[in-house]
Each structure stands twice: as structure tokens, then as C-alpha cells.
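[1] Turn this into a model:
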Amino acid sequence: MNVEIINLIALLASRPQGLRVLATTGHIHHGSTRFPVIPLVVLVLVIAGVIYAIRRSHKIRQTRQPGAWQHDQSRRYAAQSSDTDPIFDKMANDAKRAVKQSEEEARSRRSDHIDPEHFLLGIASEPETVGARALALCGAPPQLIVAATNRRTGAPGGEPRTGTIPISPSGTAVLQHALRESERLGHDYIGTGHLALGCLTVSDGLTAEVLINLGVTCNDLCQAVITLACTDPPKFSTKRVQWQRAGS
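    Okay, the predicted model is just below:
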């Protein structure tokens, strides 16, 4: 009935005689039913307002700056830095170097953010660390890790990305898993061995698939980390990596 009423109003309003009827009688006759004009006009205006608001919202989304979405994403990723600060505070020097290298790996591959595979490549770039040696003992030496990752993501090429690169949610999950593995093993620090375990246990990203395809299992990697950590105690410094507060 509402659609019929709206159409009737439009029909009457489109004709001079119809306007005079509306103005003089204040009612619309539809069959044997008489409808007051003012509430119906209000209804039409409300519907028109809703349609205008929807169209305007759609137009704003279409004309939005091309980089606005990326800016919003960067702000969202940067907001996660406070969640990872305690993790960085517990990192040994080798883990800090690997994490810093992960940004370079993301930059050389022109990625918008640091993903789990970049952390794995960062570990592989430090072959003398506990994490890289433990992975090698499990069948995933650095050269195989790099080759397998490049097959999935492509080798570095072109002009590297500039500026600070934030950590993605899945990358943050690697750091959180590394902290969890450190606590599970009774360690009071986070080293590359814990980062390697984080790369293997995180569900997002392709690191777990790469490592599993190379024959790495969680139990074997865990035992290798425990064994190597006993003979290679962590070293610490007060210097912190610069990108961890990206966007702050």
C-alpha cells in the first residue's frame, strides 16, 4: 500500500490539477479510502532522505583517496606495537638481528608489511644462531628455506620498498608464539630458536607449510632448540630495533 500511495502522490504532484487538490482538500482519495496528505509527505521526505544518504555514502567511498585504505591498515598495524613491546624487551641479540633482517626481507620483496615468511628468512640470514642451526638439524638449512620461500613468494627483485614497514597480524602472531614457546621451555628470554618455533606453530602465513614440507616437526625442532640453547647462552644489549614502533 505504501508504494501505491507514494506513486499516487507523485502522480498528483506532477499535474497542476493534482496540486490544487492537495492544497485545497488536504487529503488524497484512493478508492474508498481517504489519506491525510501531511503524514504521507513526511513519509516521502524520509524515504528520499534515506536514499540520498545511501547514495552520498557510496559516492564518498568511490572517491576516497587511493592510498587511504593502505593508510588505515598501517595505522592498525602500528597500534599492535604496544602488544609486542614486552616481546622485544625479552629478545636476545640474535633474535633482534633476525627480526631486523625480516624487515629487509620484506622491503626487498616490496611487501607492504612483515609476514611470517619474512621472519623465517630473517632467521635463515643468521646461520650461526640457535634458530638456524636447529632448523638445519631438522632438515631445513638456510639455503633450502630461502629457495622454498622464493618459490612461493618470488625472489627479491626491482627497487626495494622504502620507509618503515609494519608487522602484519600474522607476523605479530609469530612473535606471540615465540614468547609462548620460550615460557613453555622455561626460558627467560626470546632467541632465534623460539622465533623458529613461532614460525612453525603459527597458523597464518606459509612458513609452517614450508617447514613441514622440508620435514621439520614441532617435537624435533623443540628438542634441537633445547639442546643448542644449553651450549649457546643468549647475549643481550640495550639497543632496540628501530621499526618496532612503526607509526607511533
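[2] outside of stretch 199-215, which residues touch it?
    With contact meaning Cβ atoms under 8 Å, 6 or more residues apart in numbering, stretch 199-215 is reached by 115-117, 119-120, 123, 135, 138-140, 144-145, 148-149, 152-153, 169-171, 173-174, 177, 181, 216, 218, 221. The C-beta positions use only the backbone N, C-alpha and C, and glycine is treated the same way.
[3] Just the C-alpha atoms of it, please, in CSV.
    Extracted C-alpha coordinates of stretch 199-215, given in CSV (Å, rounded to 0.1, in the frame of the first residue of the first chain):
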residue,chain,number,x,y,z
CYS,A,199,57.2,-19.7,12.6
LEU,A,200,56.4,-23.4,12.7
THR,A,201,53.4,-23.2,15.0
VAL,A,202,51.6,-20.1,13.7
SER,A,203,48.6,-20.9,11.6
ASP,A,204,48.6,-17.9,9.3
GLY,A,205,51.2,-17.5,6.5
LEU,A,206,53.1,-20.0,4.6
THR,A,207,56.1,-20.7,7.0
ALA,A,208,54.5,-23.7,8.6
GLU,A,209,53.9,-25.3,5.2
VAL,A,210,57.4,-24.5,4.0
LEU,A,211,59.0,-26.1,7.1
ILE,A,212,56.7,-29.1,7.2
ASN,A,213,57.4,-29.8,3.5
LEU,A,214,61.1,-29.7,4.4
GLY,A,215,60.5,-32.4,7.1
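[4] If you count neighbours, what's buried in that stretch?
    Judged by neighbour count using 16 or more other Cβ atoms under 10 Å, the buried positions of stretch 199-215 are 199-202, 205-208, 210-211, 214.
[5] coming back round to it: which members of the contacts of stretch 199-215 are classed as buried?
    Buried subset of the contacts of stretch 199-215 (neighbour count, 16+ other Cβ under 10 Å): 115-117, 119-120, 123, 135, 138, 140, 144-145, 148-149, 153, 170-171, 173-174, 177, 181, 216, 221.
[6] quick revisit: please list the members of the contacts of stretch 199-215 that lie in helices.
    Secondary structure from DSSP state H places 116-117, 119-120, 123, 135, 144-145, 148-149, 152-153, 169-171, 173-174, 177, 181, 218, 221 of the contacts of stretch 199-215 in helices.
[7] Residues touching stretch 90-107, excluding its own?
    Where contact means Cβ under 8 Å, 6+ apart, the residues beyond stretch 90-107 that reach it are 88, 113-115, 117-119, 121-123, 125-126, 129-131, 156, 160-162, 165, 171, 178-179, 182, 188-192, 194-195, 234-237, 239-243.
[8] Restricted to helices, list these.
    Reading helices off the contacts of stretch 90-107 with DSSP H, I get 88, 117-119, 121-123, 130-131, 171, 178-179, 182, 192, 194-195.
[9] Now the buried members of those residues.
    Among the ones in helices among the contacts of stretch 90-107, the ones that count as buried by 16+ other Cβ under 10 Å are 88, 117-119, 121-123, 130-131, 171, 178-179, 182, 192, 194-195.
[10] hmm, back to that, take the buried residues of stretch 199-215 and lay them out in a markdown table including pLDDT and distance to Ala92.
    Shown next, in a markdown table, are the buried residues of stretch 199-215 (pLDDT from 0 to 100; distance: Cβ to Cβ, whole Å):
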| residue | pLDDT | distance to Ala92 |
| --- | --- | --- |
| Cys199 | 97 | 17 |
| Leu200 | 97 | 19 |
| Thr201 | 95 | 19 |
| Val202 | 93 | 20 |
| Gly205 | 74 | 23 |
| Leu206 | 90 | 26 |
| Thr207 | 94 | 20 |
| Ala208 | 94 | 23 |
| Val210 | 96 | 24 |
| Leu211 | 96 | 21 |
| Leu214 | 96 | 25 |
